[in-house]
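**Student:** What would the 3D arrangement of this be:
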Amino acid sequence: MLIKVYGSAVFGIEATTIVVEVNIDKGVGYHLVGLPDNAIKESNFRIAAALQNNGYRIPGKKITINMAPADLRKEGSAYDLTLALGILAASEQIKSEDIHNYLIMGELSLDGSLQPIKGALPIAIKAKHEGFKGFILPKENANEAAIVDGLQVYGVENIKEVIAFFDQGIPLEETIVNTRQEFYDHLDLPEFDFADVKGQESIKRCMEIAAAGGHNIILIGPPGAGKTMLAKRLPSILPPMTLHEALETTKIHSVVGKVKNKGLMSQRPFRSPHHTISSAALVGGGGYPQPGEISLSHNGVLFLDELPEFERRVLEVMRQPMEDREVTIARAQYTVTYPSSFMLVASMNPSPGGYFNDPDAPVTSSPAEMQRYLGKISGPLLDRIDIHIEVTPVPFEKLSDDRKGESSVAIRKRVEAARDVQTLRFEDIKDLHYNAQMNTKHIREFCKLDASSKALLKSAMQRLNLSARAYDRILKVARTIADLEGQEHLNENHISEAIQYRSLDREGWLG
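**Tutor:** Below you'll find the predicted structure:
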């Protein structure tokens, strides 16, 4: 008897429906075809034990299973439940009149219980799009899949529940999530707050500008100056995610199995990989491509602490994704694309010893050592970082002050107001949402200078020996400063403040 059961494979952040055809005929043997990987090939042992421990069996006949489309590589153990039900239905151990209306996924334990799967959200979106009545999957993934409206989602703990549902008509408990309500109920601020930061008012101002314009930022300062503390608080002043952003971000985290019971993500991601990370782990890849850290930080913040300690080739692979805001991973048979629109926050010491031009420092470095250390960061990478700021240690008077600083809530209100101005400004331009995304054409249109501002910028570039790449960056940052002040036109104050945020372009740093 031939039975068709439906599962799904995830490529990139999109799902493809897989038809599992099970045919049972006279003879002996178990044949699984359709480009399965080793995890799927081993499934017959898990299925045999799970069925036996629940009062069923794999029939001693010739079983042929095809996973169509047969030219598409399938991977992972999430097809166990799909294959098991196909075998039971084809051998007429259970009824199968309604089985084609459901998409079924889950990894089996030997006792028949179900283990969570990866990619439940994109699979649920595909199931709804293709008109399936429902989606049966492990209970741990039910909240994640139930984000999709208009699809019946059933979270189950054991294969016995699924068998009873099809064979005896015993209903499964549907998981229902009010997506919008859940999302807006959890839009609280992250645990870290700028009110906890003592002093560093100029750096807080810099972070506010970065958040308002979506600018990448690098913090340069000695150990203990508060670089990491400040970076961790940046998500608390970013505008709340929209429902669309939350869905897109959740899809990426779903693919790597980081959502499970959480459901829809409501906080912007903050990723902080160690400096020993490989290029594949950072941008994505592997034999079966998976999203990297830059995609996991999509719509959030990627924090690279001690930037010069990262391998240069690892940092260089970030250049194109930072520009295109997506990363494409090509293999011989297919290509996958992951979104990677993130804010880069980097920190570094100004020299190998950690201190720069400080005669009282415990460790000093020669100018040659310092240049070599800073030279680990390429010019093209710095070209994609709009704001460079020096962080100085906080004096004792500020540290011992009991007064709280300005809260993240207050700063976030100003950031949101500035973002609203940018949204209105760029509403007719596709894929342009905030100032950091402007190209040269947009800069000419939206960052026009009067004569005095132009003279100031020219003088600063000559006097401070600023590089040519600093010109556009200064104008972008100045545009954001003007937006924070609610001013339509740039003036000398905006330009002069933006010039301060190009430390690494000055002579004496990187030359």
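**Student:** in the chain, what spans have low per-residue confidence?
**Tutor:** Of all residues in the chain, those with pLDDT under 70 make up the ranges 186-190, 260, 353-365, 468, 505-511.
**Student:** Scan it for its longest helix.
**Tutor:** In the chain, assigned by DSSP state H, the helix with the most residues is helix 408-425.
**Student:** starting at the chain centroid, how far to that one?
**Tutor:** Helix 408-425 sits 22 Å away from the centroid of its parent chain (Cα atoms, centre = their mean, to the nearest Å).
**Student:** Would you agree Lys118 is in contact with His253?
**Tutor:** No: using Cβ atoms under 8 Å, Lys118 makes no contact with His253, being 9.9 Å away. Glycine gets a C-beta too; all of them are placed from N, C-alpha and C.
**Student:** Any chance you could give me the longest helix of the chain in CSV, C-alpha atoms only?
**Tutor:** Taking Å, rounded to 0.1, in the frame of the first residue of the first chain, the C-alpha atoms of helix 408-425 are listed here in CSV:
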residue,chain,number,x,y,z
SER,A,408,17.4,54.4,29.1
VAL,A,409,13.6,55.2,28.9
ALA,A,410,14.3,58.9,28.6
ILE,A,411,17.1,58.4,26.0
ARG,A,412,15.0,56.0,24.0
LYS,A,413,12.2,58.6,23.6
ARG,A,414,14.6,61.0,21.9
VAL,A,415,15.9,58.1,19.7
GLU,A,416,12.4,57.1,18.7
ALA,A,417,11.5,60.7,17.8
ALA,A,418,14.6,61.0,15.6
ARG,A,419,13.8,57.6,13.9
ASP,A,420,10.3,58.9,13.2
VAL,A,421,11.8,61.9,11.4
GLN,A,422,14.0,59.5,9.3
THR,A,423,11.1,57.2,8.5
LEU,A,424,9.1,60.1,7.1
ARG,A,425,12.1,61.4,5.2
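**Student:** Show me which residues of it are buried.
**Tutor:** Using 16 or more other Cβ atoms under 10 Å as the test for burial, helix 408-425 gives Ser408, Ile411, Arg412, Arg414, Val415, Ala418, Arg419, Val421, Gln422, Arg425.
**Student:** Just put those in a markdown table and tack on distance to Lys26.
**Tutor:** What follows is the buried residues of helix 408-425, written out as a markdown table (distance: Cβ to Cβ, whole Å):
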| residue | distance to Lys26 |
| --- | --- |
| Ser408 | 71 |
| Ile411 | 74 |
| Arg412 | 70 |
| Arg414 | 76 |
| Val415 | 71 |
| Ala418 | 73 |
| Arg419 | 68 |
| Val421 | 74 |
| Gln422 | 70 |
| Arg425 | 72 |
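**Student:** Could you identify the most distant pair in those residues?
**Tutor:** Spatial extent of the buried residues of helix 408-425 (Cβ to Cβ) is set by the pair Ser408 and Arg425 at 25.2 Å.
**Student:** and the gap between the closest residue to Lys204 other than its chain neighbours and Ser266?
**Tutor:** Nearest non-adjacent residue to Lys204, counting by Cβ to Cβ, 6 or more residues apart in numbering: Phe194, 6.0 Å away. Note on Phe194: its distance to Ser266, by Cβ to Cβ, to the nearest Å, is 20 Å.
**Student:** And the two? Which one has more around it.
**Tutor:** A count of neighbours by other Cβ atoms under 10 Å puts Phe194 above the other of Phe194 and Ser266, at 24 against 19.
**Student:** which residues does that one contact?
**Tutor:** Lys204, Met207, Arg233, Ser236, Ile237, Gly405, Glu406, Ser407, Ser408, Ile411 (Cβ atoms under 8 Å, 6 or more residues apart in numbering).
**Student:** residues in contact with the second one?
**Tutor:** This points to Met207. Counting by Cβ under 8 Å, 6+ apart, Met207 touches Phe194, Ile217, Leu230, Arg233, Leu234, Ile237.
**Student:** tell me the angle of the host helix or strand of it relative to helix 408-425?
**Tutor:** Element membership for Met207 (DSSP states H and E) is helix 201-213. Angle, helix 201-213 to helix 408-425, by axes from the mean of the first three to the mean of the last three Cα atoms, to 10 degrees: 40 degrees.
**Student:** just checking, Ala9 touches Val20?
**Tutor:** No: in this structure, Ala9 is not within contact of Val20 by Cβ under 8 Å, at 11.1 Å.
**Student:** quick one: Ala164 from Met318, how far?
**Tutor:** Distance, Ala164 to Met318, using Cβ to Cβ: 51 Å.
**Student:** more neighbours, those two?
**Tutor:** More neighbours surround Met318 than the other of Ala164 and Met318, with 24 against 16 (other Cβ under 10 Å).
**Student:** Just list the residues touching the more buried one, thanks.
**Tutor:** Leu282, Val283, Ile294, Leu344, Leu381.
**Student:** ok, and the most crowded of the residues you listed?
**Tutor:** Ile294 leads those on contacts (other Cβ under 10 Å) with 26 neighbours.
**Student:** Isn't that one up against Gly285?
**Tutor:** No: checked against Cβ under 8 Å, the pair Ile294 and Gly285 is beyond contact range at 11.3 Å.
**Student:** Quick check: chain neighbours aside, which residue is closest to Gln152?
**Tutor:** Closest to Gln152 by Cβ to Cβ, 6+ apart is Gly134, at 3.6 Å.
**Student:** you'd agree Arg57 is up against Ala50?
**Tutor:** No: counting by Cβ under 8 Å, Arg57 does not reach Ala50; the two are 10.8 Å apart.
**Student:** give me every residue that touches Glu248.
**Tutor:** Contacts of Glu248 by Cβ under 8 Å, 6+ apart are His298, Asn299, Pro339.
**Student:** Please tell me which one of these counts the most neighbours.
**Tutor:** Going by other Cβ under 10 Å, His298 tops the contacts of Glu248 with 26 neighbours.
**Student:** tell me the phi and psi of Met105?
**Tutor:** The phi/psi pair for Met105 (degrees, to the nearest 10) reads phi -140, psi 150.
**Student:** One more: Glu107?
**Tutor:** phi -90, psi 130.
**Student:** Repeat that for the one 3 residues further on.
**Tutor:** When quoted as degrees, to the nearest 10, the phi and psi of Leu110 stand at phi -70, psi -20.
**Student:** Chain neighbours aside, what residue packs nearest to it?
**Tutor:** Excluding the flanking residues, the one nearest Leu110 by Cβ to Cβ, 6+ apart is Ala49, at 4.1 Å.
**Student:** Could you give the number of residues near that neighbour?
**Tutor:** Residues near Ala49, counting by other Cβ under 10 Å: 16.
**Student:** That one: what secondary structure?
**Tutor:** helix (DSSP: H, G, I helix; E, B strand; the rest coil).
**Student:** for the protein, what's the longest strand?
**Tutor:** The single longest strand within the chain, with elements called by DSSP state E, is strand 14-25.
**Student:** which parts of the very next helix or strand once past it are buried?
**Tutor:** Sequence order places strand 29-33 as the next helix or strand after strand 14-25, per DSSP H and E. The neighbour-count check on strand 29-33 (16+ other Cβ under 10 Å) flags Leu32 as buried.
**Student:** other SSEs contacting whichever helix or strand comes after strand 29-33?
**Tutor:** Next helix or strand after strand 29-33 toward the C-terminus (DSSP H and E): helix 38-41. The helices and strands touching helix 38-41, judged by 3 or more Cβ pairs under 8 Å, 6 or more residues apart in numbering; DSSP states H and E, number zero.
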